[in-house]
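J.: Fold the following.
(2 chains)
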Amino acid sequence: MSDSQQTQSQTQTRTTGSDQPLETTSGETVEETREEWVEYDFQGKAKMVSEDLDVYYGDDHALKGVSMEIPEKSVTALIGPSGCGKSTYLRCLNRMNDRINAARVDGSVELDGKEIYQDGINLVELRKRVGMVFQSPNPFPKSIRDNISYGPRKHGDLETGLLARMLGRDDSEAERELVERALKQAALWDEVHDRLDDNALGLSGGQQQRLCIARCLSVDPEVILMDEPASALDPIATAKIEDLISDLAEEYTVVIVTHNMQQAARISDQTAVFLTGGKLVEYGDTDQIFENPRSQRVEDYISGKFG
Amino acid sequence: MTRDEYQQSLATLRADVLDMGDLVADRLDRALTALSTVDETVAREVAGADDAVDRRYLDLEATCIQLFARQQPVASDLRFVASSFKIVTDLERVGDLAVNLAQYTLAADRERFEEVDLSTIADLARSMLDDAMTAYRTDDAEACRAIADRDDELDALCQRASERVVRDLIEREVDEGDSWAVEELMDDVSRLLLVVRDLERVGDHAVNIAARTLYMVDSDPQLV
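T.: Got it, this is the predicted structure:
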């Protein structure tokens, strides 16, 4: 069933359209339409802000006018059915959509008040500040140590190897510290500290995913984007990733896309619900979204009454 | 509509809670009848049959826990299951109070203190319970708020009745040499005070049920 068909059948069964007030069982009319509620008043500072963000993949309008603020040092979950635009939105936050030829982005995204969709922005620098962890663990086919130090070396933050030694700029002590710090932050150090030179592909799926998080942390990002980081993992590995995400939010701004609504409820501070072809329908405190969502369609979606 | 079985379980839960409400109301009615007519047979029946209410309570509690564990309800479903989970506890307590009232009947001497109007108090408490369960059945937030207001009236009636009993006791002339008569009087007085207190508690449980229902309907914790 397409999104538009879904909306239509929903409208018929609930006898409330997008412009009609909702009738309660007691026959009273609720003034607000309960259709959209994206204004979100949060405590603290916004790390990233999008304004009227539209994304097109060719003729497909994948994201429609999304405006939202992402509070710093917290976990923001993006949820919604397949094709709702949540991953598209996530990829806009570090301009990963630039890598898709047919994609066109309109609107604005700011990081610390500075527009990231402007000419002359350094994409390597942007993606260092706004890192990403993907659905399937994708470590480099290198040693555990190299997976961590690769990024800092590429960015010139770390010089190791033969040339560095010859030039007297060898940072191997700094590398050791960086690898240890990143692996500890990703809660992986205890499991791998005695085999840092082993190939990372020999790790379990859950360990590989935590290694990818460590790799992301090694370049000292400010925002970490996660696209369903635990969907390929078993419940124990998932629990470790979830614990890790909560810890990371003390220092970093985390934005996570997840299909697992209970996961969003468990780990996020605020939740944004995307529905029906690229629209943000409701955004608010996670407690409020899961206990008393304002939008009827959000209520139906999270209760599993459609989709 | 998906998750049909889950939706069916929610509908069944509501029907079963209402059913338990009917059972408890019936117990309370019988206890109150026994009290007003001093009918020992009915009183014995109520006092000895609390098991059915307890069993219903434990079953419904288990149903709610299973729904939490297996279906992880959210939004209005979450509020409904959480409220039902609390409401069955209140209903079970009302069942206990019905047993208490029946037991007082078995030991009461109704010839004294006739001037205390227990029936008005009983009717008010009883109607509050009815209205709370009706509000739960029909998702009626306004009715919930009205029940909370009526509790003040019930509390005032109970307070006046208790004061009356105590004042009457002070003014009553009892032959202090007749220790049997003194003891009987003391028993009657404390029993009557307990009846008043238990009826007041029925009202409190009705308010609790209304409070949970209001949270369920409007996500409004005002009365909780």
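
J.: can you tell me which residues contact residue A:202?
T.: Residue A:202 makes no contacts at all, as judged by CB atoms under 8 Å, 6 or more residues apart in numbering or on different chains. Glycine gets a C-beta too; all of them are placed from N, C-alpha and C.

J.: Equivalent analysis for residue A:150, please.
T.: A:140, A:142, A:215.

J.: any idea which element it lies in?
T.: Element membership for residue A:150 (DSSP states H and E) is helix A:144-154.

J.: Verify the contact between residue A:48 and residue A:108 for me.
T.: No. Judged on CB atoms under 8 Å, residue A:48 makes no contact with residue A:108 at a distance of 10.8 Å.

J.: who's more crowded, these two?
T.: residue A:48 (25 against 15; other CB atoms under 10 Å in any protein chain shown).

J.: Please, where are all the helices along chain B?
T.: For chain B, applying DSSP state H gives helices covering B:4-37, B:40-47, B:51-71, B:75-107, B:118-138, B:141-171, B:179-218.

J.: other SSEs contacting the last one?
T.: The elements that helix B:179-218 packs onto, with contact taken as 3 or more CB pairs under 8 Å, 6 or more residues apart in numbering or on different chains; DSSP states H and E, are helix B:75-107, helix B:118-138, helix B:141-171.

J.: hmm, 10 Å instead?
T.: Secondary-structure packing of helix B:179-218 (3 or more CB pairs under 10 Å, 6 or more residues apart in numbering or on different chains; DSSP states H and E): helix B:4-37, helix B:75-107, helix B:118-138, helix B:141-171.

J.: do the same with the third one
T.: With contacts defined as 3+ CB pairs under 10 Å, 6+ apart, the secondary structure elements packing on helix B:51-71 are helix B:4-37, helix B:75-107.

J.: Looking at these, spot the one closest to residue A:41.
T.: Proximity to residue A:41 (CB to CB) singles out helix B:75-107 among the helices and strands packed on helix B:51-71, at 20.4 Å.

J.: and the closest one with chain A, contact?
T.: Yes. Helix B:75-107 reaches chain A (CB under 10 Å from any CB of the partner chain) through B:75, B:76, B:77, B:78, B:79, B:82.

J.: what's the neighbour count on residue A:165?
T.: By other CB under 10 Å, the residues close to residue A:165 number 12.

J.: Over to the one 4 residues further on?
T.: Residue crowding around residue A:169 was assessed by other CB under 10 Å; the count is 10.

J.: per-residue confidence for the closest residue to it other than its chain neighbours?
T.: Leaving aside its sequence neighbours, residue A:169 sits nearest to residue A:159 (CB to CB, 6 or more residues apart in numbering or on different chains; 4.7 Å). For residue A:159, the pLDDT comes out at 82.

J.: Could you list the low-confidence segments of the chain?
T.: Went with chain A since none was named. Applying pLDDT under 70 to chain A picks out residues A:1-35, A:307.

J.: that's the other chain; I wanted chain B
T.: Using pLDDT under 70, chain B drops low at B:1-2, B:108-115.

J.: related to what we said a few turns ago, and the residues of helix B:75-107 next to chain A as a markdown table, adding distance to residue B:210 and neighbour count?
T.: Shown next, in a markdown table, are the residues of helix B:75-107 next to chain A (distance: CB to CB, whole Å; neighbours: other CB atoms under 10 Å in any protein chain shown):
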| residue | distance to residue B:210 | neighbour count |
| --- | --- | --- |
| B:75 | 21 | 22 |
| B:76 | 18 | 20 |
| B:77 | 20 | 21 |
| B:78 | 19 | 22 |
| B:79 | 14 | 20 |
| B:82 | 15 | 18 |
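
J.: Adding distance to residue B:175 as columns, could you present the residues you listed in JSON lines?
T.: As requested, these are arranged in JSON lines below (distance: CB to CB, whole Å):
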{"residue": "B:75", "distance to residue B:175": "68"}
{"residue": "B:76", "distance to residue B:175": "65"}
{"residue": "B:77", "distance to residue B:175": "65"}
{"residue": "B:78", "distance to residue B:175": "64"}
{"residue": "B:79", "distance to residue B:175": "60"}
{"residue": "B:82", "distance to residue B:175": "58"}
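
J.: First residue to last residue on stretch A:37-55, what's the distance there?
T.: 21 Å (CA to CA, to the nearest Å).

J.: And it, what's buried?
T.: A:37, A:38, A:40, A:42, A:47, A:48, A:49, A:50, A:53, A:54, A:55 (16 or more other CB atoms under 10 Å in any protein chain shown).

J.: all helices of the stretch 51-200 of chain A, in order?
T.: Counting by DSSP state H, counting those that start in this stretch, the stretch 51-200 of chain A has these helices, from start to end: A:86-92, A:123-129, A:144-154, A:162-166, A:172-185, A:189-192.

J.: Pick the most buried one from these.
T.: Mean neighbour count (mean count of other CB atoms under 10 Å in any protein chain shown) peaks for helix A:86-92 among those, with a mean of 24.

J.: Check the offset of that one from the chain's centre.
T.: 8 Å (CA atoms, centre = their mean, to the nearest Å).

J.: and it, is it in reach of chain B?
T.: No. In terms of CB under 10 Å from any CB, no part of helix A:86-92 sits within range of chain B; the closest distance is 18.0 Å.

J.: That helix - contacts with which helices or strands?
T.: Short answer (3+ CB pairs under 10 Å, 6+ apart): helix A:86-92 packs on strand A:46-57, strand A:60-71, strand A:75-79, strand A:103-111, strand A:223-227, strand A:253-257, strand A:270-275.

J.: Can I get that helix in CSV? Just the C-alpha atoms.
T.: These are the backbone C-alpha positions of helix A:86-92, laid out as CSV (Å, rounded to 0.1, in the frame of the first residue of the first chain):
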residue,chain,number,x,y,z
LYS,A,86,14.1,9.8,8.1
SER,A,87,17.3,8.4,6.6
THR,A,88,17.3,11.0,3.9
TYR,A,89,17.0,13.7,6.7
LEU,A,90,19.9,12.1,8.6
ARG,A,91,22.1,12.1,5.5
CYS,A,92,21.4,15.8,5.0
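
J.: returning to what we had before: okay, the helices and strands packed on helix B:179-218, which one's buried deepest?
T.: Mean neighbour counts for these (mean count of other CB under 10 Å) peak at helix B:75-107, with a mean of 21.

J.: still on that earlier bit, pull out the buried members of the contacts of residue A:150.
T.: Among the contacts of residue A:150, those scoring as buried are residue A:215 (criterion: 16+ other CB under 10 Å).
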